[in-house]
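*Asks:* Okay, here's the prediction I keep looking at, along with the sequence it came from:
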Amino acid sequence: MNKKILIIDDNAQDRKIVVRYLNGLGFGNILQAERGDSGVEKAKAERPDWIIVDTVLPDIDGFEVCRRIKDDDALKNSKVIIMTGSVDSVDAVKAKRNGADDYCVKSPDCASLLEVIADIQGGGQ
C-alpha cells in the first residue's frame, strides 16, 4: 500500500510493534519520530497520509501535536489517530476537539489501532 504513515511515540518498543503490524498489512512507507515537536516538523516536511501519535510525549502531548498538525493548511487532509497507553487517559472529546480523526488504546496486538485503520480505509480515506 502506498500510504505514507508517521508514528510519533517516545517508546521505541511501541513504535517497533506498530511498524511490524503495519508492515504485515502491506504498509511499507513508515516514518517515525520520538518527540512531539520533531513529529510535527517531520509531518510538515514529509506530508504523511496518516499520523499515529501517542498521548504522552516528553515535550508536548499528543493532543497538542494533533492540533498543530490540523492547524497547518498543508496537513489538513492527513488523518490523525491519537493512541493512548491507558484506558483512563482516553479522552474522545479532547481528541476530537483537537482535530483527531480517531483514537485508540495501545495494546501489544495493536487490535484497536488495526480496527481504526480498517475503518479509515473502508471510508475511502
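*Replies:* That came through, no problem.
*Asks:* Next, the contact list for residue 22, please.
*Replies:* 5, 30, 117 (Cβ atoms under 8 Å, 6 or more residues apart in numbering). For glycine as for every other residue, the C-beta is placed from the backbone atoms N, C-alpha and C.
*Asks:* if we go to 7 Å?
*Replies:* Contacts for residue 22 (Cβ atoms under 7 Å, 6 or more residues apart in numbering) come out as 5, 30.
*Asks:* Return the distance of the residue most central in space within the chain relative to residue 81.
*Replies:* Centroid check for the chain by Cα atoms, centre = their mean gives residue 52 as the closest residue, at 0.8 Å. Separation of residue 52 from residue 81 (Cβ to Cβ, to the nearest Å) stands at 5 Å.
*Asks:* And residue 114, by the same measure?
*Replies:* For residue 114, the distance to residue 81 - Cβ to Cβ - is 11 Å.
*Asks:* Skipping its backbone neighbours, what lies nearest residue 99 in space?
*Replies:* In space, and not counting its chain neighbours, residue 99 is closest to residue 70: 3.2 Å by Cβ to Cβ, 6 or more residues apart in numbering.
*Asks:* same deal with residue 67?
*Replies:* Using Cβ to Cβ, 6+ apart, the nearest residue to residue 67 is residue 98, at 4.3 Å.
*Asks:* The one you found: how many residues sit nearby?
*Replies:* 21 (other Cβ atoms under 10 Å).
*Asks:* residues contacting it?
*Replies:* Residues counted as contacts of residue 98 (Cβ under 7 Å, 6+ apart) are 63, 66-67.
*Asks:* 10 Å instead, please
*Replies:* Residue 98 makes contact with 61-71, 80, 82, 91, according to Cβ atoms under 10 Å, 6 or more residues apart in numbering.
*Asks:* Fine by me, thanks again.
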